[in-house]
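[1] Need coordinates for the following:
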Amino acid sequence: MCFQKKKVSLQTTYNISSDIAVKAEKLSKIYRYRGLISSIFSGKYSHEVHALNDFSFNVKKGEVLGLIGSNGSGKSTLMKVLSGVTQPSSGTAEIDGKLLAAIEVSGGFNPDLTGYNNLVLTAKIWGYTKEYIHKIIPEIIDFSELKDFIHLPVKKYSSGMISRLASSLIIHSDADIFLLDEVLNGSDLSFRRKMHKRIIEENQKGKTIIIASHTINDILALCTRTIIIHQGKKVFDGNPFQALHLYRETGGNSKQESINEFKGHYTNTFIEINDFIVNTEEEWIKFKMSLSLKVPIKEKISLVLILNNNIDSPIAHAIFEIPDKFETTQITCTIPRRIMGSGHHFVTIAAFSEPDHWMFIPRICGFSSQNDTEKIVFIPGMLLSDAQWEMNG
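    Numbering: from 1, shown residues only. Below you'll find the predicted structure:
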């Protein structure tokens, strides 16, 4: 049975498990077309493109799922099928909740209308009441930081300004499920971080988010789980850090043997970790590391410290953008002890400098922690915004 077509942002509830927000089973999408000669002499299709091929997955309510893959891999097609914009050739998709699909967001605005009028028009199309529109529009304008430009025609906006306006509108929706397809393309660093914070806040309210992105920081900062799509097929589904490592090493053409060999994979490291020490104090846990650069790097380096529990599931991570060039340096990351549960934990180190350098060293160190706090407050895989970083040397 094909997926029922529905309007974006309207309530769509299906009889699926109470903890599942999105369920897809054996989704396929085939685009058929005729060649120049066959289109003249025959009514038959001579070519087929499999945009999705027997694609199945579930997304739990309150989960943040990342989709990565090369251009043309099928990410946008999957989003369009889930939203009802495109009908699948076969398979079913079920949605439990109010859905908002942000696909090709910048193309949805009328270039001749002002930013303000585009916001009002889009909100009306989405079915919002007049009262709600009057309440939410000022908040959207304030969030976008485009107050001085809001009454100019959108055709006078830069691509980054359009991205700001569209992203601000999307994230202020009252949807239960967000499909975000490259919504932060063209956004500057400060607004990207602002959007990251808002997306995390929405997720903490129980919202379900599926985000497709080519940007490493989007996946690392937001996602608790990541799927790699290659030629319309799901080739990996799991830890975001492992997914990004496989994607960077294989270009998305991940083979099962590559996945099986992941834990022993240490090639292409561009930073040497000379020493790594964990000190547990009464209120803090300190991770001290000594690093040496193995090859010259022109771009800034981002260092990621990932905390896993004893079954290798990610608990949390912290990201540090190394501000200065170095040959050898000492870096310390301090985190509150309250976020760690009692038991054994492992530390994984990742580092990247876009576009060419990426490394991932799993289980570099293990440590134990005791915590008497009754309630440990964290989201699995969350970004530790209160982590403190120091760099010496």
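
[2] Against Ala24, how distant is Lys54?
    No, residue 54 isn't Lys; it's Asp. 10 Å (Cβ to Cβ, to the nearest Å). (C-beta placed from N, C-alpha, C; glycine too.)

[3] Same question for His214.
    22 Å.

[4] try Thr215
    Distance from Thr215 to Ala24, by Cβ to Cβ: 24 Å.

[5] And these two? Which one has more around it.
    Ala24 (22 against 16; other Cβ atoms under 10 Å).

[6] my guess is that one contacts Ser90, does it?
    No. The pair Ala24 and Ser90 fails to qualify as a contact (Cβ atoms under 8 Å) at a distance of 11.7 Å.

[7] Would you mind grabbing the residues shared as contacts by these two?
    Between them, Ala24 and Ser90 share no contacting residue under Cβ atoms under 8 Å, 6 or more residues apart in numbering.

[8] ok so, going back, find residues that contact each of Asp54 and Ala24.
    In contact with both Asp54 and Ala24: Gly91, using Cβ under 8 Å, 6+ apart.

[9] Make sure Ile140 is actually in contact with Ile170.
    No. Counting by Cβ under 8 Å, Ile140 does not reach Ile170; the two are 9.5 Å apart.

[10] what about stretch 145-154, start to end distance?
    One end of stretch 145-154 sits 15 Å from the other (Cα to Cα, to the nearest Å).

[11] Distance from the chain centre to it, please.
    28 Å (Cα atoms, centre = their mean, to the nearest Å).

[12] shaky segments in this protein?
    1-17, 34-46, 105-107, 245, 248-268, 310-314, 341-342, 354-355, 369-383 (pLDDT under 70).

[13] Okay, domains of it per the record?
    With domains defined by automatic domain parsing, the chain comprises 1-265, 271-392.

[14] Surely Ser213 is in contact with Leu184?
    Yes. Assessed by Cβ under 8 Å, Ser213 is found in contact with Leu184 at 7.1 Å.

[15] shouldn't Leu65 be in contact with Cys223?
    Yes. Counting by Cβ under 8 Å, Cys223 is a contact partner of Leu65 at 6.5 Å.

[16] what is in contact with the two at once?
    Counting by Cβ under 8 Å, 6+ apart, the residues touching both Leu65 and Cys223 are Ile211.

[17] For stretch 161-173, which outside residues touch it?
    In contact with stretch 161-173 (Cβ under 8 Å, 6+ apart) are residues 9, 100, 102, 105-106, 108-109, 115, 118-119, 122-123, 126, 136, 139-141, 143-146, 149, 154, 157, 178, 180, 183-187, 191, 195, 198-199, 202.

[18] swap that for stretch 343-352, sorry
    216, 220, 241, 244-245, 248, 270-271, 273, 276, 278, 287, 289, 301-310, 312, 315, 357-369.

[19] do the same with stretch 269-286
    Outside stretch 269-286, the residues that reach it (Cβ under 8 Å, 6+ apart) are 287-295, 297, 301, 328, 332-338, 340, 347, 349, 351, 353, 357, 359, 361, 364-365, 367, 369.

[20] Tell me the buried residues within these.
    Burial by neighbour count, judged by 16 or more other Cβ atoms under 10 Å, picks out 287, 289, 291, 293, 297, 301, 333-335, 337-338, 340, 347, 349, 351, 353, 357, 359, 361, 365, 367, 369 from those.

[21] just checking, which of those belong to strands?
    Counting by DSSP state E, those place 287, 289, 291, 293, 301, 333-335, 347, 349, 351, 353, 357, 359, 361, 365, 367, 369 in strands.

[22] hmm, which of the contacts of stretch 161-173 are the buried ones?
    Among the contacts of stretch 161-173, those buried by neighbour count (16+ other Cβ under 10 Å) are 9, 100, 102, 105-106, 109, 115, 118-119, 122-123, 126, 136, 140-141, 143-144, 146, 149, 154, 157, 178, 180, 183-187, 191, 195, 199, 202.

[23] Just these: which are in strands?
    Judged by DSSP E, these include Leu100, Ala102, Phe178, Leu180 as members of strands.

[24] The host helix or strand of Ile210: which residues count as buried?
    Using DSSP states H and E, Ile210 maps to strand 208-212. Neighbour counts over strand 208-212 (16+ other Cβ under 10 Å) mark Thr208, Ile209, Ile210, Ile211, Ala212 as buried.

[25] hang on, the earlier thing: in ChimeraX, how would I select the buried members of the contacts of stretch 343-352?
    Only the buried entries of the contacts of stretch 343-352 go into this ChimeraX selection, using 16+ other Cβ under 10 Å:
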select :216,220,241,244,245,248,270,271,273,278,287,289,301,302,303,304,305,306,307,308,315,357,358,359,360,361,362,365,367,369
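
[26] can you give me the helices for the chain?
    With DSSP state H, the ranges of helices along the chain come out as 36-41, 75-83, 115-125, 130-144, 159-171, 189-204, 216-222, 240-250, 256-260.
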